[in-house]
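> The following block contains a protein sequence and its predicted model.
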Amino acid sequence: MKKKFRILFAVPGLQGHLGPSMAIAKHLIQRGHTIGYCSGEPARSFVNKFGIQDFFSRNRYQSMIMDKKTLVRGLFEYWINAPQVYSVAAINECFQEMMLAVESFKPDIMYIDTYDFLAVAVADKYHIPYAHGSAAPIAYIEKDIPPLGTGWNINTPWLNRLKLIPIAGMAAPFMLRAYLNQKRAIKAIDNHWKTSNISGVSPYLYMLYMTDKIEYPRKLFVPQIFYVGPSILEPNESELPDFPWGRVDDSLPLIYIATGTLFAGHYQDFYRNVIKALSDSKFSIPVQVVMAIGKGQSIEKLGQIPSNVIVVPFAPQIKLLEKADLFVTHGGVNSVNESLIHGKPMLVVHWGGDRMEMAKRVEYHGAGISLDVDEATVGRIRKDVIALLKQPRYTRAAEGIMHSYKRCGGARTAADLIERLAETRKPILRRKGSPIVLEDSGNLPDVLEI
């Protein structure tokens, strides 16, 4: 009988981060392991639904990541603002929250969201092996790959390097200040506390919830990195929002539009432009449009809704993607992965950050078109939607990525790797020459260094 382990998840209380981690946690629970969650209080009810009672609030951390200064479009803005948000006092409070969770739960290992560098430091303090999980593209810098968060053209590497010089020079003081703030907070708590990995890649295990078919052509990979395929939390039928399926005309191409809730306020003009662009009386192709505008957004403020457009706060996304011909999305990683696992092309109308990164990768691999929300005029929306519906190359590219995704185990494979880390407490490393995409976790002995 396999030994059962205590595994603590440190994940921001945001749906885009909670969903992939919970899909993995469900597999681990089914195998008899005890799971704890350390997250913002908004995540408590979500976690409790899956029978997880060991929940530890990180409200100070949640308020930091949701600060308006950190919810910015570009990397440079974040570099400037982060040291103000992540002050020594604030970091100290975040450490105390995380330390309380570790001391109470006493985990054998930890799962840490790749954006959570504060939890990494705490894991190091208690000498706990930890797996990194990331739905977003990998962040470390490679010579010919645009730095994450810039959105630069991968086909102009020399220009990118030139642009990076002044930006790095201006950002260095802010990055140094953020680094020193963490060091000061650590010293204030425990002068003997050592951490060697403030952020970046776990030395034990780093899992990416995609495949190389949606990544830029990277060459440098440390051996503890694995692409395991999308980790998607399938919704329960009872939890799906009510939806007027009777109004959907199955004889027409279906365009499904969803921009998430976190940045929905930035998409108000876009919603209005969509209605103008795709109205049945003005669009050149007869289409059915379903638009989910997010919690708290007013449908009435959008004006008169055409007969071929259905507007709702929330929609059953997976079921609509099964029927859709085109997905118009904000570029959230989970939404992009859900679209690609169904082989659907996308118009990615992004608002900077990792959403822009996913948009650029979708466009690079031919599975859709990238469009900044500020450039999403009525004319541009019409033009891009017509191209995506009429040119089959976009669907073929999306289906190619779909086949890559479906060969992978996703959450199940991630759970296998986490179990192995718990058993060995040693880095999980690929053999030299073995594939970085782990399509079958059943052949781990052939892939891993023993």
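Right, received. Where do you want to start? Residues are numbered from 1 along each chain as shown.
> any weak-confidence spans in the chain?
1, 68-69, 71-76, 79, 197-199, 450 (pLDDT under 70).
> could you redo the last one with a cut-off of 50?
Judged by pLDDT under 50, the chain has no weakly predicted residues.
> can you give me the strands in it?
Secondary structure of the chain by DSSP state E: the strands cover 6-10, 34-39, 54-57, 109-113, 130-134, 205-208, 225-227, 254-258, 288-292, 309-312, 326-329, 346-350, 368-372.
> quick one: contacts of the shortest one?
By Cβ atoms under 8 Å, 6 or more residues apart in numbering, the surrounding residues in contact with strand 225-227 are 138, 201, 205-208, 210-212, 215, 408, 417, 428, 430, 436-438. In short, each C-beta sits where N, CA and C put it, glycine included.
> Give me the subset of those lying in helices.
Leu417 (DSSP state H).
> of the contacts of strand 225-227, buried ones?
138, 201, 205-208, 210-211, 215, 408, 417, 428, 430, 436-438 (16 or more other Cβ atoms under 10 Å).
> Just give me the closest of those to Ile381.
Here the nearest of these to Ile381, counting by Cβ to Cβ, is Met210; it sits at 26.9 Å.
> I figured the closest one was touching Gly229, is that so?
Yes. Taking contacts as Cβ atoms under 8 Å, Met210 lies within contact range of Gly229: 7.1 Å.
> Between those two, which contacts overlap?
Common neighbours of Met210 and Gly229 (criterion: Cβ under 8 Å, 6+ apart): Tyr405.
> how about stretch 398-412: buried residues?
Across stretch 398-412, burial judged by 16+ other Cβ under 10 Å covers Ala398, Glu399, Gly400, Ile401, Met402, Ser404, Tyr405, Cys408, Gly409, Gly410, Ala411, Arg412.
> quick one: contacts for the first one?
Yep, that's Ala398 we're talking about. Contacts of Ala398 by Cβ under 8 Å, 6+ apart are Ser339, Leu340, Gly343, Lys344, Pro345, Met346, Ala367, Gly368.
> Which of those residues are buried, as a ChimeraX select command?
Selecting only the buried entries of those in ChimeraX, with 16+ other Cβ under 10 Å as the criterion:
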select :339,340,343,344,345,346,367,368
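> Spatially, which two of the contacts of Ala398 are the most separated?
Across the contacts of Ala398, the longest distance by Cβ to Cβ is 11.8 Å; it joins Gly343 and Gly368.
> related to what we said a few turns ago, can you tell me which of the buried ones among the contacts of strand 225-227 is nearest Thr329?
Using Cβ to Cβ, these come closest to Thr329 at Met210, 15.2 Å.
> any idea how far Val447 is from that closest one?
Met210 sits 18 Å away from Val447, going by Cβ to Cβ, to the nearest Å.
> Lys143 too?
27 Å.
> And for Val348?
Relative to Val447, and taking Cβ to Cβ, Val348 is found at 32 Å.
> Between these two, point out the one with more neighbours.
Using other Cβ atoms under 10 Å as the criterion, Val348 and Val447 rank with Val348 on top: 28 against 18.
> Show me what the more buried one is bridged to.
Thr329, Ser370 (DSSP bridges).
> circling back: in a markdown table, list the strands of the chain along with distance to Lys183.
Listed next are these as a markdown table, based on distance: least, Cβ to Cβ, whole Å:
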| stretch | distance to Lys183 |
| --- | --- |
| strand 6-10 | 20 |
| strand 34-39 | 22 |
| strand 54-57 | 25 |
| strand 109-113 | 19 |
| strand 130-134 | 20 |
| strand 205-208 | 24 |
| strand 225-227 | 27 |
| strand 254-258 | 41 |
| strand 288-292 | 44 |
| strand 309-312 | 48 |
| strand 326-329 | 39 |
| strand 346-350 | 34 |
| strand 368-372 | 37 |
